[in-house]
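Enquirer: how would this look folded up:
(chains A and B)
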There are 2 protein chains.
Amino acid sequence: MTSPIALDLTTDVADLTAALIDINSVSGNETVLADAVENALRTLPHLDVVRDGDAIVARTQLGRKERVILAGHLDTVPLPTAAGSRGTVPSAWDGTVLYGRGATDMKGGVAVQLALAAELTAPGRDVTYVFYDHEEVEASLSGLGRLARNHPQLLQGDFAILLEPTDGTVEGGCNGTARFEVGTVGQAAHSARAWMGINAIHAAAEILVRLRDHEPATVTVDGLEYRESLNAVKINGGTAGNVIPDGTTVEINYRFAPDKSPEDAELYVRNLLDGFTVVRTDAAAGARPGLNHPAAADFVAAVGAEPKPKYGWTDVARFSELGIPAVNFGPGDALLAHTDNEHVPAEAIRDCLAALRRWLAD
Amino acid sequence: MTSPIALDLTTDVADLTAALIDINSVSGNETVLADAVENALRTLPHLDVVRDGDAIVARTQLGRKERVILAGHLDTVPLPTAAGSRGTVPSAWDGTVLYGRGATDMKGGVAVQLALAAELTAPGRDVTYVFYDHEEVEASLSGLGRLARNHPQLLQGDFAILLEPTDGTVEGGCNGTARFEVGTVGQAAHSARAWMGINAIHAAAEILVRLRDHEPATVTVDGLEYRESLNAVKINGGTAGNVIPDGTTVEINYRFAPDKSPEDAELYVRNLLDGFTVVRTDAAAGARPGLNHPAAADFVAAVGAEPKPKYGWTDVARFSELGIPAVNFGPGDALLAHTDNEHVPAEAIRDCLAALRRWLAD
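Expert: Numbers count the residues shown, from 1 in each chain, chains lettered A, B, ... in the order given. Just a heads-up that it's a prediction; the model follows:
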């Protein structure tokens, strides 16, 4: 084993971000970066450090009344292949804008975590810093999921912040998602003698009418408004141009507010499509933003911007499963994530660090 | 060129059927049978014989007021391949039932044509006997279609009978068929933010409702009741489980009574689906049974059985296109056509011959 790359956690946080980008850590190849992070954290006497695979957990143990979690993933999506792409490795400065793979998603956030870990020797709340692998690949590989299975006690806390890019706003919780297949069954016949059969596509008319006429709810959860949606996403029926179709399948996706469990969501869809055979094929719970928790309210006040709901599913849902309210708050524009020219302004990283320092130093 | 196989047209018509079956004439290989048929017909001085490819037209020229056409195809579908199949070549008797490829479809009918051609030297109506190739393959190869293009004058007549198997009943005319594609267009969006898109599957609800609620007509044409049908036969929409679908296509098949042209049928569907984009992809006109024509009425009286409408599309539609009313009337059960154990009772062939003789000898 070669020596880990040395990281200076006390340098300017934007420069630290550049140093993190320069260590290629495409999913599955996080070890070199994880070694560097572990090595840097182990030099800090105020932190307890635990490593699991390529995930690292570092905790203050000050006996504070509350504990908050700051979490971020070490991996990135693959490097861009298009000629001239600037969101690659190594990083490059264009004025005060930093280009490179992971600039927004999410080495800026990881740099903020590391800077806080080094600087805050005695924060007002105990802090758990979580760095994990395999976020950008299938959920079963998730380093955060593995930590929750192997070391649930390391993830205990009152409130969690994922430093995913949110452009400096607080995005709370997330909607859940569930998929269903709704089928109709008919009876095949030659279409010249249609009255000998039963048309399964015609029978699906009622399914589409109910979905079309359904008015999706907007649900307020912990002060944030979650807009739901319920849609047919695929339909397929029929076998040949001269055969009365004997089957149709409609695939439905329900994005439900975090006041509902997947079971609640399933019941809702079953009621809406009463009389049809509904099969749930997939589901992931949402996450409540938990902004009514004192630590969260205090955090939102410290940031000073109006929090927004998150619609897509993110790792905050994993914290929610553990009973920990969680939000996203990090530097950079999420729309640049995974793009060929991923970049982040230095100022956005510094502002994020400043906001978190303000809150945690209390 | 070898000498044609000799056919005895004056033998029992069921034995003549067996002799025809024994000459393999799978579509594309009709020449040997066509040679035998031509050779036999040319020995009959009361007939004018014309050959075109593997089609033969033989006509009486008695100057009668009316001319009727008796038509049948010489080809068969391929021989059965399953072990133990009895509907093959050569033919075989099982008591009074004749097994072999073409037993029902339609060498029994062709034998009746040949027997009548030999026997009726002075029928009450002039008769045109038409034997043709390539009926069991794609329509563009049809020998009857080729005759209509090359020798339209040979197909002139007041009434036509196709000796396709109808089990001794008269099946008149046929429904037309047309296919349409009806589409809806939406706007794709991530299903977590469904309100940014327009759901094309939901938009298709109205199409399915109109088709489901449509009551197909039963139309009386020349005394026969044609039951129509109008059905969605296929539906397809959506691209992925997390994308609001931006397109749906519904394929529709309309089987319309022979009082309508394909253009009438198209207008009907366009009116029903007013507001949607309808594209006609395929159409074939139906055929009026023409049973109100005196020759046809006389024929039905001679047969003595209640005529029925034909629902599937058959070559009577080609005669209809030429302005000639046409019916199907032949020996054997159409449901046995193309099966591995195709067969026909000798009596059915003899009964068919007797009925046509009764009518034509007048």
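
Enquirer: which residues of the stretch 1-150 of chain A fall in strands?
Expert: Taking DSSP state E, counting those that start in this stretch to define them, one finds strands in the stretch 1-150 of chain A at A:48-52, A:55-59, A:67-73, A:92-94, A:97-99, A:126-132.

Enquirer: of the ones you listed, which is nearest A:Val316?
Expert: Nearest of those to A:Val316, taken as Cβ to Cβ: strand A:67-73 at 9.2 Å. C-betas here are computed from N, CA, C, even on glycine.

Enquirer: now tell me what touches the closest one from outside.
Expert: Applying Cβ atoms under 8 Å, 6 or more residues apart in numbering or on different chains, the contact partners of strand A:67-73 are A:106, A:109-110, A:113, A:116, A:125-136, A:143-144, A:155-164, A:295, A:299, A:315, A:319, A:324, A:326, A:330, A:356, A:360.

Enquirer: now do 6 Å
Expert: Outside strand A:67-73, the residues that touch it by Cβ atoms under 6 Å, 6 or more residues apart in numbering or on different chains are A:106, A:109-110, A:113, A:125-130, A:132, A:135, A:157-163, A:295.

Enquirer: got it, and stretch A:146-162?
Expert: With contacts defined as Cβ under 6 Å, 6+ apart, stretch A:146-162 is touched by A:52, A:55, A:57, A:66-71, A:128, A:293, A:295-296, A:315-316, A:319, A:322, A:324-329.

Enquirer: filter these down to the buried ones, ChimeraX style.
Expert: Provided next is the ChimeraX selection string for whichever of the contacts of stretch A:146-162 are buried by 16 or more other Cβ atoms under 10 Å in any protein chain shown:
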select /A:52,55,57,67,68,69,70,71,128,293,295,296,315,316,319,324,325,326,327,328,329
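
Enquirer: okay, now A:Val185: neighbour count?
Expert: The local packing of A:Val185 (other Cβ atoms under 10 Å in any protein chain shown) involves 11 other residues.

Enquirer: whoops, A:Thr43 was the one
Expert: A:Thr43 has 12 neighbouring residues, counting by other Cβ under 10 Å.

Enquirer: how near is it to A:Leu9?
Expert: Applying Cβ to Cβ, to the nearest Å, the value for A:Thr43 to A:Leu9 is 8 Å.

Enquirer: what does A:Arg358 give?
Expert: To A:Leu9, A:Arg358 is 19 Å away according to Cβ to Cβ.

Enquirer: then A:Pro45?
Expert: Relative to A:Leu9, and taking Cβ to Cβ, A:Pro45 is found at 14 Å.

Enquirer: give the contact list for the residue in the stretch 51-200 of chain A that chain B sits nearest to.
Expert: Going by Cβ to the nearest Cβ, chain B is nearest to A:Ala194 of the stretch 51-200 of chain A, at 3.4 Å. Contact partners of A:Ala194, counting by Cβ under 6 Å, 6+ apart, are A:Ile244, B:Ser229, B:Asn231.

Enquirer: which one of those residues has the most neighbours?
Expert: A:Ile244 (29 neighbours).

Enquirer: residues of chain A that sit close to chain B?
Expert: When proximity is defined by Cβ under 6 Å from any Cβ of the partner chain, chain A lies next to chain B at A:179, A:191-194, A:199, A:201-202, A:205, A:208-209, A:211-212, A:229, A:231-238, A:241, A:244, A:253, A:255, A:311-312.

Enquirer: among those, name the buried ones.
Expert: Buried by 16+ other Cβ under 10 Å: A:179, A:191-192, A:194, A:199, A:201-202, A:205, A:208-209, A:211-212, A:229, A:231-235, A:237-238, A:244, A:253, A:255, A:311-312, out of those.

Enquirer: those residues in strands, which ones?
Expert: The strands, defined by DSSP state E, take in A:Arg179, A:Ser229, A:Asn231, A:Ala232, A:Val233, A:Lys234, A:Ile235, A:Gly237, A:Asn253, A:Arg255 from these.

Enquirer: and the two most separated of those?
Expert: By the measure Cβ to Cβ, A:Gly237 and A:Arg255 form the most distant pair in these, at 24.7 Å.

Enquirer: in what helix or strand does A:Val344 lie?
Expert: In this assignment (DSSP states H and E), A:Val344 forms part of strand A:343-345.

Enquirer: after that strand, which helix or strand is next?
Expert: On the C-terminal side of strand A:343-345, the closest following helix or strand by DSSP H and E is helix A:346-360.

Enquirer: quick one: that next one to chain centroid distance?
Expert: 21 Å (Cα atoms, centre = their mean, to the nearest Å).

Enquirer: list the buried residues in that helix.
Expert: A:Ala346, A:Ala348, A:Ile349, A:Arg350, A:Asp351, A:Cys352, A:Leu353, A:Ala355, A:Leu356, A:Arg357, A:Trp359, A:Leu360.

Enquirer: what's the separation between the closest residue in space to the fifth one that isn't next to it in sequence and B:Ser27?
Expert: This means A:Asp351. Computed as Cβ to Cβ, 6 or more residues apart in numbering or on different chains, the closest residue to A:Asp351 that is not its neighbour in sequence is A:Gly168, at 6.0 Å. Using Cβ to Cβ, A:Gly168 is found at 75 Å from B:Ser27.

Enquirer: where does pLDDT dip in chain A?
Expert: A:1, A:362 (pLDDT under 70).

Enquirer: all helices of it, in order?
Expert: Assigned by DSSP state H, chain A shows helices spanning A:13-21, A:31-42, A:108-119, A:143-150, A:200-203, A:205-213, A:262-272, A:294-303, A:316-321, A:346-360.

Enquirer: which of these has the highest mean neighbour count?
Expert: Highest mean neighbour count among the helices of chain A (mean count of other Cβ atoms under 10 Å in any protein chain shown): helix A:108-119, with a mean of 26.

Enquirer: contact partners of that one?
Expert: Applying Cβ under 6 Å, 6+ apart, the contact partners of helix A:108-119 are A:9-10, A:13, A:16-17, A:20, A:58, A:70, A:72, A:129, A:163, A:330-332, A:344, A:349, A:352-353, A:356.

Enquirer: likewise stretch A:207-222?
Expert: Applying Cβ under 6 Å, 6+ apart, the set of residues contacting stretch A:207-222 from outside is A:182, A:225-230, A:232, A:250, A:257-259, A:272, A:288-292, B:202, B:205.

Enquirer: any of those residues buried? List them.
Expert: Neighbour-count burial (16+ other Cβ under 10 Å) applied to those gives A:182, A:226-230, A:232, A:250, A:257-259, A:272, A:288-291, B:202, B:205.

Enquirer: okay, which residue is most central for chain A?
Expert: The centre of chain A sits closest to A:Thr314, judged by Cα atoms, centre = their mean, with a distance of 1.9 Å.

Enquirer: ok, that one - contacts?
Expert: A:Cys174.

Enquirer: and it, how far is that from A:Pro165?
Expert: 11 Å.

Enquirer: ok, A:Arg270 next?
Expert: Distance check for A:Arg270 against A:Pro165: by Cβ to Cβ, it reads 37 Å.

Enquirer: that older thread, so A:Pro45 and A:Leu9 - more neighbours on which side?
Expert: When neighbours are counted by other Cβ under 10 Å, A:Pro45 and A:Leu9 differ, and A:Leu9 comes out ahead with 20 against 6.

Enquirer: ok, now which ones touch the more buried one?
Expert: Residues near A:Leu9 by Cβ under 6 Å, 6+ apart: A:Ala40, A:Leu114, A:Ala118.

Enquirer: right, and the first one touches A:Leu7 too?
Expert: Yes. Counting by Cβ atoms under 6 Å, A:Ala40 does reach A:Leu7; the two are 4.5 Å apart.

Enquirer: hang on, the earlier thing: list just the nearest of the buried residues of helix A:346-360 to chain B.
Expert: A:Ala348 (23.5 Å).

Enquirer: could you find the closest non-adjacent residue to that closest one?
Expert: A:Pro331 (4.1 Å).

Enquirer: cool, and A:Pro325?
Expert: Per Cβ to Cβ, 6+ apart, closest to A:Pro325 is A:Gly290, 1.8 Å.

Enquirer: around A:Arg101, count how many other residues there are.
Expert: Number of residues near A:Arg101 (other Cβ under 10 Å) recorded here: 26.
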